[in-house]
Structures are given as C-alpha cells and as structure tokens.
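Q: from the sequence below, what's the structure:
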Amino acid sequence: MLILGLVMLVVALPVAGRRVLFLYRLVMSGQPAPDRVEHVTSKLGEAVKNQVVEVFGQKKLLKWTVPGAAHFFVFWAFVILGTVYLEAFGILFSRNEQWAIPVIGHWDLLGFAQDTIALLALAGIVVFAVIRLRNRPEQLGRRSRFSGSHLGGAWLILFMIFNVIWTMFLFRGAAAANGNLPYGNGAYASHAVGHLFDAMSPDSLDALEGVGLLLHIGVMLAFLVIVLNSKHLHIFVAPLNILFGRHPVALGAVKPLMSEGKPVTLDDIEDMDENTTLGIGSIEDFSWKGILDFATCTECGRCQSQCPAWNTDKPLSPKMLIMNLRDHAFAKAPYLLADEGARASLPQAVLDEADRPLVGETEGLAWEPEGGAVIDTDVLWSCVTCGACVNQCPVDIEHVDHIVDMRRYQVLVESSFPSELNQLFKGMENKGNPWNMSPTARMDWAQGLDFEVKVVGEDVESLDEVEWLFWVGCAGAYEDRQKKTTRAVAELLHLADVSFAVLGNGETCNGDQARRAGNEFVFQGLAQQNVETFKEYKVKKVVSTCAHCFNTLKNEYKDFGIELEVVHHTQLLNRLVREGRLTPVREGAGAHKRTITYHDPCYIGRHNGVYSPPRELLQVLPGADFVEMPRNSERSFCCGAGGARMWMEENIGTRINSARTSEAVATGADQIAVGCPFCRVMLSDGLTAAIDKGEAREEVEVLDVAQMLLASVKGEVATRQAPVAAGPGGGGTALKERPVETRAEPEPGDETITADTVTETSEASPAAKASGGGSSLFDVGDSAPAADEAPVAKASGGSLFDVEALEEAAPAEPVEPPAATSSSGSLFDIETPEPEAGTTTDTTPVEPVETPAAEAPTDPDTATESYSGSLFDIEAPEPEAGTTTDTTPVEPVETPAAEAPTQPDTPAESYSGSLFDIAAPEVVEPPAEQEPGPAPEGEATAPDDEPAPAEQPTEREPEDQSGEEKPKPTSSGETHTPKTDVDIDDSGSLFDL
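A: Okay, here's the model as predicted:
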C-alpha cells in the first residue's frame, strides 16, 4: 500500500508542480503593481479581515441564497476534509491503521464536523447539478448565466467532488467496522457506513480499508491536476486575488492610468518616449494583478446575468471578456515567457496568437470570436461602467478597470473611438462642459429666485464663510429640466437655513465622462483646474446633485491632492428632515395619494453604497406609497448613460433605458423618482417612447427626489395632473389634468420625519436626472400650453440627443451679457485672451445675436466641423475658407489668442458645430427655402432647419462582426437631446416650463 501511494505521489506531484511554476511565471510576466503589495503590507489588518469575510465567510456568494449556500458547504468541505487527508497520509506513511491527528484526533466534535460537512457538500453538488440543468444554454440561450462557459469541465469537477466524498466514507466506514476509526459516535455517518460491513471478515476489512485509503488519495491527486488545468483554478488563486484586490471593492474611483507600475499624469508627458505605454494595448500591458484576475474567473456568469449590456442583446458579456483575455494570455504564454532569440522557433500557432490585436475587428460571434482581434470593438464600447459585474463577482475581478484601461489605449494611442465622442471631448476641453456650451452661462439657473445665491469670489471670499459648497454640475447648470432640480435643492437649503455658496462660472466639468471614455488627459486637466479652485477658495464640504460629480469629487480628486467631504443632495436633505429643519406638510394638496418607485443611480448605489437616504425621503412624503422595482439597490438595472454611453449611439439590441423604464412602469407607479441627471434624461426619454407606444399611462412622470420633497414641504401638488379620486388598488391614483398655474414644484428630500424611523448614513450619493419626456409637470416640453398657444407634438424616441421642439408660452426676457472672458481655444488655457473691441462674451443660447459673416471665427477648434460620420454632424454648414475640419480631441491644438472667436453671441451653428448648439432659439432671419411657423407673441422663434432624427445622413451604421446585420432601433442616440433653450425665469413656477 505504501509503495502504491508513493508511486501516485511521484506521478502527480511533478505534473502539478510544473503547472504551478508555469502559472506563477505567467502571472508575474505582467507589469508591476507595487501599489497592490503596499496596500496589503500597510493595511494588514484590513487584508486579514477581507480574507475572513469574503473567502471564509463567502459574503458575496451568499447574496445568491441557494447557490451561495451550496458553495459555502462545498468550500468548507475542502477546508475541513483536509483533516481527513491528513489522517490518510498519516496512516499511509506510518503504516499504522490506528494513527490519529495529535491532540484533536480523537475529538468526537471533529469527527462530527467531518461527516456533516461531507454530507452537506454532497447536497451542494446536487444543488449545483439541478441549477445547471435548469439553466442550460441550449434551453435558455443568452438568458442562461452559463452561456459561453465551459460546461464539460464543470460537470467533471462535480463528479470529482462526488468521488472525494464516497471514497472518504468507504475508507472511514471500513476503518469503523475494523475498529480503527479514532472517533466515537460523533462520526455518525462513518459508523453508519461501517455497519454495512459488519458481516465481512477482518482480513477483508483490512483490504477494503487499504483500497479505500488509496482511492481517496488517488482521487485527491487527480483532482489536484484537473483543478490546476481548469477554471477551477480559482480554488487556489481566488484568495490571492481577493487579498491583492482594491477594497472594499473595485468600484467608485477608476484605477489610475499606470505605466510600468507608476501613475502617469499630465506632468509626465514631456518625459514620455516611444516605449511609454498608455492604457492596455496588448496582453503583456496588463499588470500581474490583471493576469491574476483572468486566471481567477470561475465562469459562474453572475456578472453576465447582471450586465445591462448583455441583458439588452449587446455583445458585451463581462464573463466572456475575461475568459477571452484569459484564453489569449494562456495561448500566448510560450511567446511571453520565451527569450527574445527563441521566439522565432516557436510553433506557428503561438506566433499567430502573438500577432492578434487585442481590440479590433473579430471573426464569428463578437463575444466569442473565432479569429481576428481578441476583444471586439463593439464589446469594448458597450460598457456603461455601472459596476454590476464587479459588484457581483465572488472573486473580486476588476472588469471595469480593465475596460477603461483598454479604452485609454484606443483613445490616447490609437485615436480609435466612436465618432460621437469627438464633441464630448471637445466640449469638455474647450468649454468645460460636455455640451460645448458657453462657460459664462453657469449661473442662468439662479435667475428669478427670490433669494440670493452666493457666488464664491463675488459674494463670499472663501468657503470658510459658509457651510457647504453647492456643486451644481454641468447638467444642473445647462439642462433645463435639471435646472429645476438645482433650483429645488437651492430653495430647500434656503428654507432650512443652510448656508451655502456656488462657484458660478468658476465651476467646470468634473471630467467623469472623459475618463470613463478613455480620455485620461482631458479628465486630469479638468481635475487639476477644479482642485486649484477648491484650494484657492478653501473648499472642504461639498453637496452635489449629480451622481457622477459626487463619485468623482469624493473618490478620485484625492489623487490630485485634496480631501473633500462630499455628500449627495438626498443625504443632506435626509439629515435636514431628520433634524426637523424641513418638514413635509401632512395635509392638503401636497399629501394626495400617489405611488412612487425609485431608480438607483449606479454611481450612488453600487459605486458608493448609498441606498437608504433617497428611499427614506420618498417614504416620508405624505400620501405617497413607495413600491420597489424587482431589480433594486445593488442589483438595480442601469439607465444606460454611464461610461459616456449617453453620448454614443445605441444601435445594437434593445435600448437599456427602455428596458429599465418598462420595469418602472410595470410597478404601476405614478412617479418614477431619480437621483441623477443622467438617469433622469434616460428614463424620461424611455417613458416618452413608452407613452407614444401606449405602453405607459400619460400621467406617469419622472422626477428628482428633491423636487418631490420641495412640493411636499410647500404643501403643493407634486404631480403633473391633479388627483380626483383614489384609483384601483395597485394601479396608481386617478388623476385629472390641471392648469399650468396650479402646478407646484416638488422638493428633494431624505428620510422619515421621526428620528426613530431614520437610518443614519455617512455615505454620499449623486443627484437628480431629467424628468419624464412628455409626461411630467416638470418637463420643459410637457406643460400644458396656454390658451393662445398651439400645442407642440411630443418627441418620440428614447435617446438623449433628440432635438425636440419645446413648448414655451412666456417670452424670453433679454439678459444683459455679463462681462467675462472670451472663450478661448482650450479650457486649459490659463491666460484667457481679452475680447476684441465691440464683442460680447455671453454665449447663452437662449438669446443668440445675429452675427455678420465677416465676424465668424476662423479657428479650426471653434469653426463648424464634420466629424467623420459622427452622430453630431447635423447638417453642419460648410466651413469657411481657411478653416480645417480635423478636430480629433486626442491631440488638441490650443487656439492662439489672435484666433479666438470674437463673437460669442453668434448663432450656435456658426462657431462650434456642436449638436447642443442647434437647439438654441433662432432670432435671425430664417433661410429663404424654409417656412418658419408662427410663434406666440414675444417668444423667440425656434430654429426651423432642425432635421428630424430619422433623417440624419450621418447616422453611424452598426458594425457587424459576425457577418449578420445587427438590429437597429427606431431612434438613434441623437434622441437624447437636453433642453437648453428655455428661459427658466419667465415661467410662473419653477416647474411650469
């Protein structure tokens, strides 16, 4: 018996050892990641805690109750049954059939634990088998989380676990029958099996015990070799991956741009050479932690089942992306590990694998390519960076970081990215906002408020004089629906006697969308500018209404030398309600019955763990019944706007925002509450499309939590339509249309009124989104028209870029252009050139001024351009003589002062070529070939030359990597147009727009 045992060890251990050495060399061939080691050594206590909670406690797996419990038992079977193998090897080498583990080897408690966990593991593998049979890809297709996984290997592992268990009971049962088992009745199952052998002779029992021992050891050695060569390698490497991961989870901040293990900043550009790698362009550019991620993937499909892209028929599966990278790394390993001179002699298959581009055109299915690039372009750019994959991954794989790193290489090195992002990058760099609008118009939202909004540098010298900096954000400053959220928050803070100030025109974009789209240097330029402003004005506490602003300021600006206390407006308002400084009126018009559901923004929810404050605010609203969507909190379904996707077309599969809107409508809610401007725009557009199709009730609306709270505090009706009588149970409240003048604005709120029903939270979360297109009282285009107005048809579609006609009855009051610096070629030009004599600096699109052709700007960065079939090329006018059309933002050219545009008040089309300038009301004489319709008296005429989205000649054709034409939605990404041309001051109410 000893000889046979030694032979098995001699055969199996070298094979296993060789594989371990190969895996170690492959992982360590990645780029350095000293920060991962430093995090463990400097925070050893935290590292140990993570091992206890995530590895031994199986915290993430237990979120999936049934499969989680099954995995918990199987995991602990591997741990506890290690003592059985210790006993087996002790008997083998000592040749003493009664050998026992010193000290604990005769404890009945240990025998009980061994038998019990073995039986529970047996039940666990039965559960696994049932789950796999019920989720067969052959039956469910893409809806199966095992679609694309290696199913044969999984069944083999289940079979091997079964072999471990039955051979254990054979060995221990024979030992019990032979009187050699060191445990008493505590090892109840082993003794029960032993009773089956009572009739056997002692010699037969000796032989059976020896056979059982050798089988038990042989199965273990075979299992070891199989695990090291399969996806179940995670049994050994998952604890390491969790140990060196970003904790508590790789969400919130994106991993910094690294090169050779060191962060890369704008200050390093001059020192870069041709060998400097920016982002991930090949498998060897990944750090060793990245390759460890690939080796750790269990192919469980939890990430895939939660991914909004995969669930709406996009080609991105986070699981398949990691698997493809893993398979490519293993296939290219001989090339990576070979000496430079020996590579030419490698097999042709290895050389072919080494030549494959990492990102590009693929052959076959985009998510499971048979040739071409490793990662399909559509796969890379389908990600909305919602973090659902990272949140659900039980072994802490950092999918989002890898995707962003690959995007960085495509943008910064290859200059290869969706053409729609041209305008995003240009607007953020040159104007400090993604919509390419005037940087001097950031305070327009405050016009007409009955209290003063203090501006830092004008009304207060620094933030030492007030408690909070109210970070308005680009959407809050420019998008008309979101302006109402901004005003609502400001009014609530004023009512609660909270001192705050804003940066006004000194604020610029936080850079989130540029960073997640891969344009790291535009992000860093914006971040550095904002951090300098924060330091100058002594900013310490910030409240934000934008989820993305909140996440960036809270988690990413610390890398630029500033620590801020950042809260989401729902958190601050929640605190104010709890303290009694804001009190909803419990009776009257504002307390009418209605049903509300809440959509969790990804960047306050999953990325920052803020779930309670907005819900508590909604539950405290008098008359409001709160109902959850099936997918909520950490499993909430993304709106589809993150990762710069709001600026890209969605040509493949179902629209993510439409899918999420359908879930919200299915709850029967009258109001869909949001806490982020991106979510508001996306769900509003989805609701408009649903109403147009008859799939949603007309009275359903999308509102920010802040607006709802404001209406409740004021005791005003918070819905678009006034209540008549209670509707049928569960179906929402019966409503009737009410005139514009009776509409009130709701407020942002938090939490319940009484302290004993409130949950304290210190986490911050992002803010409001645009309201439900066409169905909300608070939507710019949705107010009932005045008696002398002709109603404007609602825009159908479900996309951010739909340029829809706005219903505005009140005339726009002319605004005196503020004295400000002229917009120069780049946001990052510190010294802004003085405007020429006779020019103005206000470029607010609400009041465009006719500009002679001779005064049109001639700088290539400010002239109208064509962007290679971009979404934004909406009948771009011909460029003037001497101008160029190449504006690729990867290598921005600073505009010399002499070439700076001298007429910022010219019509939007004449100076930027931005999609968002086209919505500006036109006051110049319309072209001869167009017939401008009559406008209400005193109202600015909307541009008549806006092409309908369906007529876009530059709409990007879907790229089909599999040879089949990809389905195209009825409307393109152009339909998500923010409303930016309404004078918010001329309406009687903040919400009557």
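Q: what's the neighbour count on the residue nearest to G473 when sequence neighbours are not counted?
A: Take G473 and drop its neighbours on the chain: the residue closest to it by CB to CB, 6 or more residues apart in numbering is C546, 3.9 Å away. From N, CA and C alone the C-beta is placed, and that goes for glycine too. Neighbourhood size, C546 [other CB atoms under 10 Å]: 33.
Q: local confidence estimate at C546?
A: Looking at C546, its pLDDT stands at 96.
Q: just checking, it touches G675?
A: No: between C546 and G675 there is no contact under CB atoms under 8 Å: 9.3 Å.
Q: so the residue nearest to G473 versus F470, what's the distance?
A: Remark: distance between C546 and F470 (CB to CB, to the nearest Å) = 11 Å.
Q: nearest residue to V20 other than its sequence neighbours?
A: L228 (6.6 Å).
Q: got the contact list for the one you found?
A: By CB atoms under 8 Å, 6 or more residues apart in numbering, the contact list for L228 reads A16, R19, V20, L23, F236.
Q: got a pLDDT number for it?
A: So L228 comes in at 94 (pLDDT).
Q: quick one: furthest residue from the center of this structure?
A: Within the chain, the residue lying farthest from the chain centre (CA atoms, centre = their mean) is S201, at 66.8 Å.
Q: just the C-alpha atoms of stretch 425-444, please, in CSV.
A: Extracted as CSV, the C-alpha positions of stretch 425-444 are listed here (Å, rounded to 0.1, in the frame of the first residue of the first chain):
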residue,chain,number,x,y,z
PHE,A,425,-14.1,65.6,-25.7
LYS,A,426,-14.0,68.9,-27.5
GLY,A,427,-16.8,70.4,-25.3
MET,A,428,-15.1,69.3,-22.1
GLU,A,429,-11.7,70.6,-23.1
ASN,A,430,-12.7,73.9,-24.8
LYS,A,431,-15.8,74.9,-22.9
GLY,A,432,-15.6,72.9,-19.6
ASN,A,433,-18.9,71.1,-20.2
PRO,A,434,-19.9,68.1,-22.4
TRP,A,435,-22.4,70.1,-24.3
ASN,A,436,-19.9,72.6,-25.7
MET,A,437,-22.0,75.5,-24.3
SER,A,438,-20.8,78.9,-23.0
PRO,A,439,-18.8,78.6,-19.8
THR,A,440,-20.3,82.0,-18.8
ALA,A,441,-23.8,80.7,-18.6
ARG,A,442,-23.4,78.5,-15.5
MET,A,443,-25.5,80.8,-13.3
ASP,A,444,-28.5,81.1,-15.5
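Q: and for A100, the neighbour number?
A: 19.
Q: quick one: contacts for it?
A: E87, G90, H106, P182.
Q: of the residues you listed, which qualify as buried by neighbour count?
A: Among the contacts of A100, those classed as buried by neighbour count (16 or more other CB atoms under 10 Å) are E87, P182.
Q: so can I have a markdown table of the contacts of A100 showing pLDDT and distance to D600?
A: Below are these laid out as a markdown table (pLDDT from 0 to 100; distance: CB to CB, whole Å):
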| residue | pLDDT | distance to D600 |
| --- | --- | --- |
| E87 | 93 | 51 |
| G90 | 93 | 54 |
| H106 | 92 | 54 |
| P182 | 93 | 54 |
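Q: so of the contacts of A100, which two are at opposite extremes in space?
A: G90 and H106 (13.3 Å; CB to CB).
Q: how far is stretch 232-240 from where the chain is centred?
A: In terms of CA atoms, centre = their mean, to the nearest Å, the gap separating the centre of stretch 232-240 from the centre of its chain is 26 Å.
Q: show me which residues of it are buried.
A: For stretch 232-240, by 16+ other CB under 10 Å, it's H232, L233, H234, I235, V237, A238, P239, L240.
Q: tell me the one among these nearest to V40.
A: Among these, and counting by CB to CB, the member closest to V40 is L240, at 10.3 Å.
Q: secondary structure element for that closest one?
A: helix 234-243 (DSSP states H and E).
Q: please pull up the helix or strand immediately following that helix.
A: strand 258-259.
Q: got the contact list for the helix or strand following that following strand?
A: Per DSSP H and E, the first helix or strand lying C-terminal to strand 258-259 is strand 262-263. With contacts defined as CB under 8 Å, 6+ apart, strand 262-263 is touched by P256, L257, D559.
Q: between these, which has the most around it?
A: These, ranked by neighbours (other CB under 10 Å): first place L257, 22 neighbours.
Q: that residue reaches L278, doesn't it?
A: Yes: L257 sits in contact with L278 when judged by CB under 8 Å, with a separation of 6.7 Å.
Q: now do the shared contacts for these two.
A: V264, R408, E520.
Q: wait, which of the residues you listed is closest to L151?
A: Once CB to CB is applied, the member of the shared contacts of L257 and L278 that ends up nearest L151 is R408, at 34.6 Å.
Q: which helix or strand contains the nearest residue to the closest one once chain neighbours are set aside?
A: Spatially, and ignoring its direct neighbours in sequence, R408 is nearest to G279 (3.1 Å; CB to CB, 6+ apart). According to DSSP H and E, G279 maps onto no helix or strand at all.
Q: hmm, G279 is touching S416, no?
A: No: contact criterion CB under 8 Å: G279 and S416 do not qualify, at 11.6 Å.
Q: what is in contact with those two at once?
A: Q410.
Q: with neighbour numbers in mind, choose between these two.
A: Using other CB under 10 Å, the more surrounded residue of G279 and S416 is G279, with 22 against 15.
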